[in-house]
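> Predicted model follows, preceded by the sequence.
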Amino acid sequence: MTRIGIVGAGAWGTALALAVRRQGRETLLYAREPEVVAAIQDAHENTAFLPGIPMDPGILATNDLAMVAEADVLLLATPAQHLRKTCEALAPHAKPATPLVICAKGIEEKSGALMSEVVAATLPDAPLAVLSGPSFAMEVARGLPTAATLACKDAETGKHLQHAIGSPRFRPYFSEDVIGAQIGGAVKNVLAIACGIVEGRGLGDNARAALITRGLAEIVRFGVVLGGQAKTFMGLSGLGDLTLTCSSRQSRNLSLGVALGEGKPLAEILGARKAVTEGVFTARAIPELAGRFGVDMPIAMAVRDVLHHGADIDRTIEDLLARPYGEELP
């Protein structure tokens, strides 16, 4: 596993390319936009999605999926809602034995499918892994210390992948819980929007801590019902990612929630952004999926109602605070 292909040249895909290249791996980065390819090849910088970060000239950018598909490992770093279309385009070129590492965090809005289900439906023969955890793209790109979960059902493949993409400053910890690693990364985006609303409304740090804690309980309930392991949610792809995303304005989801809490309309916030805010889409998918399994997720549902049903923020907060007292259980 010496030749690594990254599909998707947004901020996260670019950061992963930089992390992999630091290990001396041959690195191919696929971008759909010709101008992004040109900027990386000519100026050695992704000026559109990760400006100000110099890129190793050894990173080869291309808009040819067939070329990237020749790699030994493919990291799928496209936004969650675009992953199905990307995999369909990749299918004619992908080699069946090439491991695919899912780096997108979300649940498909229309189908309620996890990212692993999307990939399995479009590239059914490929070995699958999931990379998730507390990892802001800018910090990974700068080479700051980062740890993440690398989940793969096949332990041997997982260990090979650890060594292929890992380094002293980008440390993947192995797990066999592919479902749990995805749930933590998806739901935390929705909870971060809730924490941003709390900040934007000036409700204080106590309220944020309560949301993080009770949000973690929602993650555990939801994840276990879908087949994840409870212990996974106490790790990097659960508590770790949740804490980071709910505590820093580097998070696109938290900053969107702050803007909502300050009274800005959702359409205006999204219209001013180039990068995708995954939690907006996942907020619609999670409550519907939770409803199929009878899982109580009041925070996620409240975020869904504010984003997509026009619910009044203050009234929604009051409704959450008026819920009956209960025992502190996951």
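Here it is on my side, so go on. Owing to the predicted nature of the structure, the values given are computational and were not obtained by experimental measurement.

> Any chance you could list what contacts stretch 245-256?
Defining contact as CB atoms under 8 Å, 6 or more residues apart in numbering, one finds that stretch 245-256 is touched by 134, 136, 138, 188-193, 195-196, 199, 208, 211-212, 215, 244, 258, 269-270, 273, 275-280. In this view, the C-beta of every residue, glycine as well, is placed from N, C-alpha and C.

> and what of stretch 261-281?
With contact meaning CB under 8 Å, 6+ apart, stretch 261-281 is reached by 10-11, 48-49, 79-81, 104-107, 109, 186, 189-190, 192-193, 196-201, 252-253, 256, 259-260, 303, 307, 313.

> Repeat that for stretch 105-121.
When contacts are defined by CB under 8 Å, 6+ apart, stretch 105-121 is touched by residues 76, 79-81, 83-84, 87, 100, 102, 104, 126, 128, 130, 132, 178-179, 182-183, 185-186, 188-189, 226, 278, 281-282, 284-286, 288-289, 292.

> List the ones among these that fall in helices.
The helices, defined by DSSP state H, take in 83-84, 87, 178-179, 182-183, 185-186, 188-189, 278, 281-282, 284-286, 288-289, 292 from the contacts of stretch 105-121.

> Now which of the residues you listed would you call buried?
Neighbour counting over the ones in helices among the contacts of stretch 105-121 (16 or more other CB atoms under 10 Å) leaves 83-84, 87, 178-179, 182-183, 185-186, 188-189, 278, 281-282, 284-286, 289 as the buried ones.

> show me where the protein has strands.
Taking DSSP state E as the test, the strands found in the chain are 3-7, 26-30, 60-62, 73-76, 100-102, 128-132, 146-152, 170-175.

> tally of neighbours for Gly263?
Neighbour count for Gly263, taken as other CB atoms under 10 Å: 9.

> Can you give me the separation between it and Thr122?
When distance is defined by CB to CB, to the nearest Å, Gly263 is 41 Å away from Thr122.

> gap between the nearest residue to Thr149 once chain neighbours are set aside and Ala181?
Taking CB to CB, 6 or more residues apart in numbering as the measure, Thr149 lies nearest to Ser237, with 3.8 Å between them; neighbours along the chain are not counted. Separation of Ser237 from Ala181 (CB to CB): 4 Å.

> ok, those two, which is more surrounded?
More crowded of Ser237 and Ala181, by other CB under 10 Å: Ala181, with 34 against 31.
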